[in-house]
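> pasting the sequence and the predicted coordinates here, then a few questions.
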Amino acid sequence: MNTVFRYKGWTWGFRSTVLLYFIVLVILPITGVYYNSVTLGWTVFLESIRDPIAWKAVLLTLKMAAIAAVFNVIIGTMIAWVLGRYRFKGRSLLNSLVDLPFALPTAVGGLMILLLLGPVSLVGRLAEGLGLEIVFHQPAIVIAMVFVTFPFVIRAVQPLLEEIDSSEEEASYTLGASRSRTFWKVILPSMLPGMISGGMLAFSRALAEFGAVVLVAGNIPGRTLVASVFIYGEVESDNPVGAASVSVILLTLSFLILWGINIVQTRGRRR
């Protein structure tokens, strides 16, 4: 009886700790953002999100994040395919480097982009000679977002590739299907949940990127000012309501994306 009591007590304590951790680090901050966005009333909240600079910053962020997510879905799937289907020298190193954006401070990533593609770099001078503008313009924002979200699609697709039963591919070939038809009819449907969920995670993460973007974007209102940098500027300008109002938009979008990812993954497991 004492053993059961101790076991139940330990389980209760463990669950309470996890719940407290979740409330303090997730629920309360999110609730605080939503609450502070309407502390001065709904009129001020609506005026804050209708502000032309704020609205343009949100729209630009959505546009840049969508481009980065599409790029990551295409390139990330290709890299996951190479890492999962081929064996070559340096494969383990390449596989390890995929997670580098997770370990690297995003500000360092932004500095790397600035040094590699900036006006004084070789690539920057060549681009300028061709009439291309990268750093301090919208292309730099996309590059920064692609860098910080690079691993999501790869790590989402890799396990699905490993789970594909080789007998399904062999059966397809036996029935006379070509390699391309086998890919579209057998392999791609198995990878699709990972591609979608990884792309959505990349999009959600790109929406909130600050460290890398702030160094390379130029931060010109209406042109290169993204939502995260706008929020930072509002806080620095002692306008927490304006910052919270735009944050609510990003938070709500992130919640919807996570909900969509959960639906995609649930349907993928049912197949």
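Looks like it came in fine. Quick caveat, the model's predicted, so the values are computed rather than measured. Numbering: from 1, shown residues only.
> can you give me how far the strand or helix carrying residue 197 is from the chain middle?
Per DSSP states H and E, residue 197 falls inside helix 188-207. Put simply, helix 188-207 sits 9 Å off its chain's centre (CA atoms, centre = their mean, to the nearest Å).
> what residues sit buried inside it?
190-207 (16 or more other CB atoms under 10 Å). The C-beta positions use only the backbone N, C-alpha and C, and glycine is treated the same way.
> so where's the stretch 151-271 of the chain shaky on pLDDT?
Where the stretch 151-271 of the chain drops to pLDDT under 70, the residues are 265, 268-271.
> 80 - rerun?
The model of the stretch 151-271 of the chain has pLDDT under 80 over residues 164-180, 183, 186, 261-262, 264-271.
> quick one, helices of it?
Using DSSP state H, counting those that start in this stretch, the helices of the stretch 151-271 of the chain run over 166-174, 179-182, 188-207, 211-216, 227-236, 240-270.
> who's in contact with residue 240?
36, 234 (CB atoms under 8 Å, 6 or more residues apart in numbering).
> please redo it, this time with the cut-off set to 10 Å
If you count contacts by CB atoms under 10 Å, 6 or more residues apart in numbering, residue 240 has them with 33, 36-37, 39-40, 231, 234, 247.
> just send those back as a markdown table, with neighbour count too.
Converted to a markdown table, the contacts of residue 240 look like this (neighbours: other CB atoms under 10 Å):
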| residue | neighbour count |
| --- | --- |
| 33 | 17 |
| 36 | 17 |
| 37 | 24 |
| 39 | 11 |
| 40 | 14 |
| 231 | 23 |
| 234 | 22 |
| 247 | 23 |
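> what about the helices in the stretch 1-150 of the chain?
Using DSSP H, counting those that start in this stretch, helices in the stretch 1-150 of the chain cover 2-22, 28-37, 42-50, 52-85, 91-97, 100-103, 106-117, 122-129, 138-163.
> make a markdown table from the helices of the stretch 151-271 of the chain and add distance to residue 53 to it.
Formatted as a markdown table, the helices of the stretch 151-271 of the chain follow (distance: least, CB to CB, whole Å):
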| stretch | distance to residue 53 |
| --- | --- |
| helix 166-174 | 53 |
| helix 179-182 | 48 |
| helix 188-207 | 17 |
| helix 211-216 | 16 |
| helix 227-236 | 7 |
| helix 240-270 | 10 |
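> between the ones you listed, which one is nearest to residue 106?
The minimum distance between residue 106 and these falls on helix 211-216, with 3.2 Å, by CB to CB.
> hmm, back to that, what's the most buried one of the helices of the stretch 151-271 of the chain?
helix 211-216 (a mean of 24; mean count of other CB atoms under 10 Å).
> if we can go back for a sec, export the contacts of residue 240 to a markdown table and tack on distance to residue 165?
Shown next, in a markdown table, are these (distance: CB to CB, whole Å):
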| residue | distance to residue 165 |
| --- | --- |
| 33 | 45 |
| 36 | 52 |
| 37 | 50 |
| 39 | 56 |
| 40 | 59 |
| 231 | 47 |
| 234 | 53 |
| 247 | 45 |
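> ok so, going back, could I get the helices of the stretch 1-150 of the chain as TSV with distance to residue 261?
Formatted as TSV, the helices of the stretch 1-150 of the chain follow (distance: least, CB to CB, whole Å):
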stretch	distance to residue 261
helix 2-22	19
helix 28-37	18
helix 42-50	25
helix 52-85	12
helix 91-97	24
helix 100-103	18
helix 106-117	22
helix 122-129	35
helix 138-163	9
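> determine which stretch of those is the most buried.
Sort the helices of the stretch 1-150 of the chain by mean neighbour count, taking mean count of other CB under 10 Å, and helix 138-163 sits at the top with a mean of 22.
> could you give the angle of that one to helix 188-207?
Angle, helix 138-163 to helix 188-207, by axes from the mean of the first three to the mean of the last three CA atoms, to 10 degrees: 140 degrees.
> so which elements touch helix 138-163?
Secondary-structure packing of helix 138-163 (3 or more CB pairs under 10 Å, 6 or more residues apart in numbering; DSSP states H and E): helix 52-85, helix 91-97, helix 100-103, helix 106-117, helix 188-207, helix 211-216, helix 240-270.
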